[in-house]
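Enquirer: Build the 3D model from these lines:
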Amino acid sequence: MNHATHPAETLPRPDILSRANFELVVRRIADDIAFGTDDSLFVGSGLEYAQSRPYEPGDPVRQIDWKLSARMPVAYVKQHETLKRVAMYLIVDTSASMSVSSTSLSKHGLAVWAAAAIGLVGLRRLSPVSVLSAGTRHQHSRSDGNPSLSPDDLWRDLEPLRAHDVDEETELGERLTALSARLTRRSLLFVFSDLHDPEALGVLRRLGHQHDVVVLHLQDPAETGALRAGYFRGSEAESGQAFLAGGQQRWRETCTLARDLAGADVSYLKLVTNGPLLSPLRQFLLTRAVRMRGQR
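Expert: Down below sits the predicted model:
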């Protein structure tokens, strides 16, 4: 079976495969999500400035060099040469809530597959990539967090993330805040999380005004009101707080969440663990590429 061409629930858990088989599946997924896309997915929305020249009829107004034109008798437009390659940061939430699942593939597993494939596509497009954990395990990571063009570095950074930990706490908001403080250039950030950290949303909105931010929101069917069950007792994965709920209860209104993030120029995609991975992810990236071209 070609795991890369079937719904997400048929993908195996990433931690049960050998490293060679894990890499094989990642390559297949990367091939599929990259089909029909272009470099604009990973090079950022900016261009390298070359020079300014006098305005000519037909030049786009958005290319006018307003600072120079204000000092000159005629208008000038900016000329650009090459697309800027921006660094990619893949922030994977590895906390306990990502591991609790009502399906064969958990949110954590789906996040690892998506992050690995997007990272590999980024390397193929010559964008340096860094993979970071947003759980407490990052304290023990050997990675320096610097983006790299080396596939070996990508596989090395992914390896400790493949296994889940039901005792791990989320540090998504804290991790994003620390990353924001050390980024000196506009970067591309992919965040893979169930967004259970209440501090994360505010940080994501702030980052959206400074960087190119993409949120892949992972959900379990039990969180969308699609759990085929009556009332049940449970406990929150990270806090341990007990609760009583119904199988049709929706835990978070994703439309409100998506609208809040969109207001800060943060791209948003929801992926459910019992749904497809490739088709929505590929369509999302294609739509995003078209939007980015329109902003240039």
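
Enquirer: show me where pLDDT drops low in the protein?
Expert: Scanning the chain for pLDDT under 70 picks out 1-9, 36-50, 80-84, 137-144, 225-254, 293-296.

Enquirer: could you pull out the helices for it?
Expert: 19-34, 66-69, 107-124, 151-158, 172-182, 200-208, 254-262, 278-295 (DSSP state H).

Enquirer: Quick one: those as CSV, columns for mean neighbour count and distance to residue 87 too.
Expert: Placement of C-beta: from N, CA and C, glycine included. Listed next are the helices of the chain as CSV, based on neighbours: other Cβ atoms under 10 Å; distance: least, Cβ to Cβ, whole Å:
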stretch, mean neighbour count, distance to residue 87
helix 19-34, 18, 19
helix 66-69, 12, 27
helix 107-124, 25, 9
helix 151-158, 18, 13
helix 172-182, 17, 11
helix 200-208, 19, 14
helix 254-262, 14, 21
helix 278-295, 15, 16
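
Enquirer: Residue 56: which of those is closest?
Expert: Smallest distance to residue 56 across the helices of the chain (Cβ to Cβ): 13.3 Å, for helix 66-69.

Enquirer: Remind me what that closest one packs against, helices and strands.
Expert: Using 3 or more Cβ pairs under 8 Å, 6 or more residues apart in numbering; DSSP states H and E as the contact criterion, no helix or strand is in contact with helix 66-69.

Enquirer: ok, back up a step: reformat the helices of the chain as CSV; add distance to residue 95.
Expert: Formatted as CSV, the helices of the chain follow (distance: least, Cβ to Cβ, whole Å):
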stretch, distance to residue 95
helix 19-34, 21
helix 66-69, 46
helix 107-124, 9
helix 151-158, 17
helix 172-182, 8
helix 200-208, 11
helix 254-262, 18
helix 278-295, 22
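
Enquirer: how about those helices, which one is nearest residue 165?
Expert: Among the helices of the chain, the nearest to residue 165 by Cβ to Cβ is helix 107-124 (8.9 Å).

Enquirer: Could you check the angle the closest one makes with helix 19-34?
Expert: 70 degrees (axes from the mean of the first three to the mean of the last three Cα atoms, to 10 degrees).

Enquirer: C-alpha coordinates for helix 107-124, CSV please?
Expert: Provided in CSV are the C-alpha atoms of helix 107-124 (Å, rounded to 0.1, in the frame of the first residue of the first chain):
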residue,chain,number,x,y,z
LYS,A,107,-2.6,14.5,16.2
HIS,A,108,1.1,14.1,17.1
GLY,A,109,1.6,11.5,14.3
LEU,A,110,-0.2,13.6,11.7
ALA,A,111,1.8,16.7,12.7
VAL,A,112,5.1,14.7,12.3
TRP,A,113,4.2,13.5,8.9
ALA,A,114,3.1,16.9,7.7
ALA,A,115,6.1,18.7,9.1
ALA,A,116,8.6,16.2,7.7
ALA,A,117,7.1,16.4,4.2
ILE,A,118,6.9,20.2,4.2
GLY,A,119,10.4,20.4,5.5
LEU,A,120,11.7,18.1,2.7
VAL,A,121,9.9,20.1,0.1
GLY,A,122,11.5,23.3,1.5
LEU,A,123,15.0,21.7,1.2
ARG,A,124,14.3,20.7,-2.4
